[in-house]
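K.L.:
Based on what follows, work out the 3D shape:
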Amino acid sequence: MSVREELAATPVDLGPERFFNRELSWLAFNRRVLEEAENAAHPLLERLRFLSISGSNLDEFFMTRVAGLKGQQLLGIEEKSTDGRTPTQQLGAIADDADALVVAQQKEWIVLRECLAEQDFDVLGVEDLVGDERAWLDKHFREQILPVLTPQAIDPSHPFPFIPNGMFSLVFSLETPVEREPVTELLMIPATLPRFIRLPGASYRFIAIDTLIRAQFDLLFPGFNNLGSGAFRVLRDSDIEVEEEAEDLVRYFRTAIKRRRRGRVIRLEFLADTPDDLETMVRTGLHAEVAVVAESAGFIGIADLALLVEADRPDLKFPPYSPRFPERVMEHNGDCFAAIRAKDFVVHHPYESFEVVVAFLRQAAGDPDVVAIKQTLYRAGKQSAIIDALVAAAEAGKSVTAVVELKARFDEEQNLLWASRLERAGVQVIYGFVEWKTHAKVSMVFRREAGTMRTYCHFGTGNYHPTTARIYTDLSFFTASRRAARDAAKLFNLITGYVPPKGLELLTLSPRYMREKICALIDTEIANAREGKPAALWAKMNSLVDPAVIDKLYEASEAGVSIDLIIRGVCCLRPGIAGLSSRIRVKSIVGRFLEHSRIWAFANGQRLPSPKARVFISSADWMPRNFDRRVEFMLPLENPTVHAQVLDQVMLANLIDNEQSWTLDPSGNYTRVKPGKRPFNLHTYFMTNPSLSGRGAALGGKAVPKLRLTQRG
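P.N.:
Numbers count the residues shown, from 1 in each chain. Predicted coordinates:
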C-alpha cells in the first residue's frame, strides 16, 4: 500500500476497546516500579526502596481508586469506564492483578533479604538470634515495648474496637491456664513503636516488631496456652469528596480528615498463617464483609520496608548526588532578580538545586523594593523553606497572598497547618474553589524599579516541595516578561476573585481552554501532514487518560502525524494499531528519579527538533480532571535558548534513553528496552552533563553536548 493509500484508509473503529482501562494501566505502572526492585544494576537498598514504593503506591491505590469503585458498586452504580467495564468488572480485574503484584512483592522481598544478609544486613527471625541478642531483646521488650502494649479481649462485654487506617495488629486464640476457657485477644501495635528494631553492635541486624511480640508470648500472656495467632493490616477509604454546599472549606476539611480515619474498610491483608476462625472474627468485627482480602506469606506492609532504607549503609545505596546551584544566578552575585532581568532561564530539577526557587522568595522577602508576593501552594512538605520565606515577607510588611489548596490528597492536614501559620504571620490566605483544585505552580514577585513596577514570575511543572524536588524531575522557568506577568495576574484573579481570565497573551488555562488548545495544536499537525509538510509531536507527562485528546491523537496518527509519547504512569491510549494508531509510540521511564515534568512539542511544519517547533511546559497531565476540575497552566517557551535546551536536551534525552525505558505494545504489555550497542541513561546524562540555561557562562563558550534522535536504541 502506498503512503497516499495508507492515509486514505478508513480508521479502525474499536469502540471502547480503543482505550486501555485506567486502573489496570496504573497497576501495570506499579509493576514497572516493582521490577526496578528486581534490577540488579541498582544497589541493594535502592532496590529495597523501589519495593517499598511499590507497596505504598498499592496502598494509596486501594484507599482512593478501589475505594471509589467499591462505593459505586455498593450504590448499584454500573456506569461503564471508557473501556466499557462496569465497576464490578473493574474490581474483579483489579483483584487478579493486585494479587499477582503482591505475590511478586513477597518473592522479591525474599530475594532481597537473602542478598542483604550477604552484605551483613539482616532482618532476623527469632531462630536467627545469636549470643546475647536474645537476652538484650528480652530486656528491651520488658522496658520499652511491653508497657505500651494493650491486649484487648474480644467477647460480649468487650466488643471489637475501632482500628485506624493503616494499623498493624496481632490476634490470638488463647486458652486460660486453669479453666481451659477459650479467649480471643486483639493487640494493636501502636504507631509510636518502630516497625524494625536494630540489635546492638556494629552489624546491621534487625528484627520486626511483630516478630518480636509474637516471640514474647509468655511475657504478654503469662500462663495462657496459645492455640493460634495471626496478623493483619487495615486499609480504609481515604478519599475526601467535597460537597458543593460546603461553605467553609477549612471547617469542612478538618472534619473530613477525621472522618477519613474512620472510612469503610477497603482492604484487609492477613499473614498467611492466620487461622480461618480468627480471620472471620476480624472481618466481622471490622464490618469488612465487602473488603478486598489478601493473604501474604511473608511480610505485611511492604511500604514499611522504607524504614530499613534509612540505615547508614552508603555502600548499598546510589552514590550521593549534590545538585548544583544555577551559575546564571551566581554570575549576578546571587541576585535572582538581576539574573532574570538579563534573560529568561530554566532550571532542571533535581540536577539543578531547588534552592534557587527558595532563594528567589527569600530575596523577595528581604528586598525593601519588593512590595508584594503571590504564590500557589499545592504541596509544600513538612519542612518548608518556602513557607518560611512567605512568613518572613509578611512580617517584613509586604503584601503576601498564598493560595493554599486544601484538596491536595493526603496533604490536606499539613496544608491546614501551613495555612494557619501563614495567616498568623499576616499572609492573605486563599483556599480556592470548592469544586476545582488549584494545581498550577506559579509565583509572582512585584518590585519597584526606577519608578515602575516590574514583575518577576516563576512557573513550575512540579510542587513547591523541597523534599520531592530532590527526586522528581521538573522544570522551573523564571521570566520578567510583562506578557507572562499580566497572564499570571489574571490566573490569580481567577482563583482569588473568580474573575474570568480574558485576553490571555501567553498562558492557556484550564478548566476552560486547555483541552481545546491542545486539540487545536494537534489539528495544525494534521493539516500540515495532509499538505505534505513535516508533522510530528512529542509529549511528556505523567498520565494520558482524556478520551477526547486520545481520539484526536488517533486521528492525527492516521493523517500522517508522527507521535512520540513519554508517559510515566497511566496510559489509556493503545499504540501501534494499524488504521488507528500506527504512527504512535509510547514509552515509560522508571529510574533513580521520578519523571514528573510536563513538556509538549509540536513540529509546526518542521522536522523535530526544530527552532520553529512550538514547545510548552505545563502543570497538567492530559486527564479529564486536569482539563475539567483543576486550575492549570500551559506556557509556550519563546526564548530561543530555553526553547532549544528544553526541546533539544530534555525531550531528546527522554526519547533516546534506553537503560530505564519501557515500550508499550497494542495489547497493553510493557517491555523493557534493551540498550544494545549505544547505551544511554537519561538520569546519568543530566547528572554528568549539566547543560540548561542556568549554566550561564560556565561552559566557557563551548556548546552544550549535542544529542541526536538517531541515538535512540
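K.L.:
count of residues packed around Ser157?
P.N.:
Other residues within reach of Ser157 by the criterion other C-beta atoms under 10 Å amount to 6. Where C-beta positions appear, they are placed from N, C-alpha and C, glycine not excepted.
K.L.:
Could I get the pLDDT score of it?
P.N.:
As summarised for this prediction, Ser157 has a pLDDT of 83.
K.L.:
what pairs with the lengthiest strand in the chain, and is each one parallel or antiparallel?
P.N.:
Ranked by residue count and defined by DSSP state E, the top strand of the chain is strand 225-236. Looking at strand 225-236 with DSSP bridges, its paired strands and their directions are strand 168-175 (antiparallel), strand 265-271 (antiparallel).
K.L.:
Please name whichever of the ones you listed is nearest to Arg341.
P.N.:
If you check each of the strands paired with strand 225-236 against Arg341 by C-beta to C-beta, strand 265-271 wins as the nearest, at 52.7 Å.
K.L.:
Just the buried residues of the closest one, please?
P.N.:
Judged by neighbour count using 16 or more other C-beta atoms under 10 Å, the buried positions of strand 265-271 are Val265, Ile266, Arg267, Leu268, Glu269, Phe270, Leu271.
K.L.:
Strand 265-271 and the helix or strand following it, what's the angle between them?
P.N.:
Moving toward the C-terminus from strand 265-271, the first helix or strand encountered (DSSP states H and E) is helix 276-285. Per axes from the mean of the first three to the mean of the last three C-alpha atoms, to 10 degrees, the angle that helix 276-285 makes with strand 265-271 is 160 degrees.
K.L.:
May I see the buried residues of helix 276-285?
P.N.:
In helix 276-285, residues buried by neighbour count (16+ other C-beta under 10 Å) are Leu278, Glu279, Met281, Val282, Arg283, Gly285.
K.L.:
Which of the three states applies to the nearest residue to Ala396 once chain neighbours are set aside?
P.N.:
Here the nearest residue to Ala396 in space, its sequence neighbours aside, is Ala365; by C-beta to C-beta, 6 or more residues apart in numbering that works out to 6.0 Å. In terms of secondary structure, Ala365 is helix; the call rests on DSSP: H, G, I helix; E, B strand; the rest coil.
K.L.:
Could you count how many residues lie near Ala365?
P.N.:
21.
K.L.:
just the one 4 residues further on next, same as before
P.N.:
By the other C-beta under 10 Å criterion, the neighbourhood of Asp369 contains 12 residues.
K.L.:
Next up, the contacts around it.
P.N.:
With contacts defined as C-beta atoms under 8 Å, 6 or more residues apart in numbering, the neighbours of Asp369 are Arg447, Arg448, Glu449.
K.L.:
Narrow those to just the buried residues.
P.N.:
Applying 16+ other C-beta under 10 Å to the contacts of Asp369, the neighbour count classes Arg447 as buried.
K.L.:
mind listing which of the contacts of Asp369 are in helices?
P.N.:
Among the contacts of Asp369, no member is found in helices (DSSP state H).
K.L.:
which among the contacts of Asp369 gets closest to Gln73?
P.N.:
Nearest to Gln73 among the contacts of Asp369, with distances taken as C-beta to C-beta, is Arg447, at 55.3 Å.
K.L.:
Kindly state the beta-bridge partners for that closest one.
P.N.:
Assigned bridge partners for Arg447, using DSSP bridges, are Val370, Arg454.
K.L.:
got the contact list for it?
P.N.:
Phe337, Ala364, Asp367, Asp369, Val370, Val371, Met453, Arg454, Thr455, Tyr456.
K.L.:
closest to Pro501 among these?
P.N.:
Using C-beta to C-beta, Thr455 comes nearest to Pro501 of those, at 16.1 Å.
K.L.:
Next one: that closest one, what pLDDT does it get?
P.N.:
Taken from the predicted model, the pLDDT recorded for Thr455 is 98.
K.L.:
and Trp538, what are its phi and psi?
P.N.:
phi -120, psi 130 (degrees, to the nearest 10).
K.L.:
Please tell me I have it right and it contacts Asp564.
P.N.:
Yes: counting by C-beta atoms under 8 Å, Trp538 sits close enough to Asp564 to count as a contact (4.9 Å).
K.L.:
in this protein, which helix has the most residues?
P.N.:
The residue-count maximum for a helix in the chain (DSSP H) belongs to helix 87-117.
K.L.:
gap between that helix and the chain center?
P.N.:
Taking the mean of its C-alpha atoms, helix 87-117 sits 20 Å from the chain's own mean (C-alpha atoms, centre = their mean, to the nearest Å).
K.L.:
which helices and strands sit right next to that helix?
P.N.:
Using 3 or more C-beta pairs under 8 Å, 6 or more residues apart in numbering; DSSP states H and E, the elements in contact with helix 87-117 are helix 22-37, helix 44-61, helix 67-74, strand 121-124, strand 292-296.
K.L.:
Next, format the ones you listed as a markdown table and append distance to Val570 and mean pLDDT.
P.N.:
What follows is the helices and strands packed on helix 87-117, written out as a markdown table (distance: least, C-beta to C-beta, whole Å; pLDDT from 0 to 100):
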| stretch | distance to Val570 | mean pLDDT |
| --- | --- | --- |
| helix 22-37 | 5 | 97 |
| helix 44-61 | 11 | 96 |
| helix 67-74 | 15 | 87 |
| strand 121-124 | 33 | 96 |
| strand 292-296 | 20 | 86 |
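K.L.:
contacting residues around stretch 139-151?
P.N.:
Outside stretch 139-151, the residues that reach it (C-beta under 8 Å, 6+ apart) are 172, 185-190, 192-193, 197, 209, 212-213, 216, 219-221.
K.L.:
Quick one: the helices in the stretch 601-713 of the chain, in order.
P.N.:
In chain order, the stretch 601-713 of the chain shows helices spanning 624-628, 640-644, 652-656, 682-688, with DSSP state H, counting those that start in this stretch as the criterion.
K.L.:
Need these in a markdown table (columns: mean pLDDT).
P.N.:
A markdown table is the format used below for those (pLDDT from 0 to 100):
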| stretch | mean pLDDT |
| --- | --- |
| helix 624-628 | 95 |
| helix 640-644 | 92 |
| helix 652-656 | 95 |
| helix 682-688 | 92 |
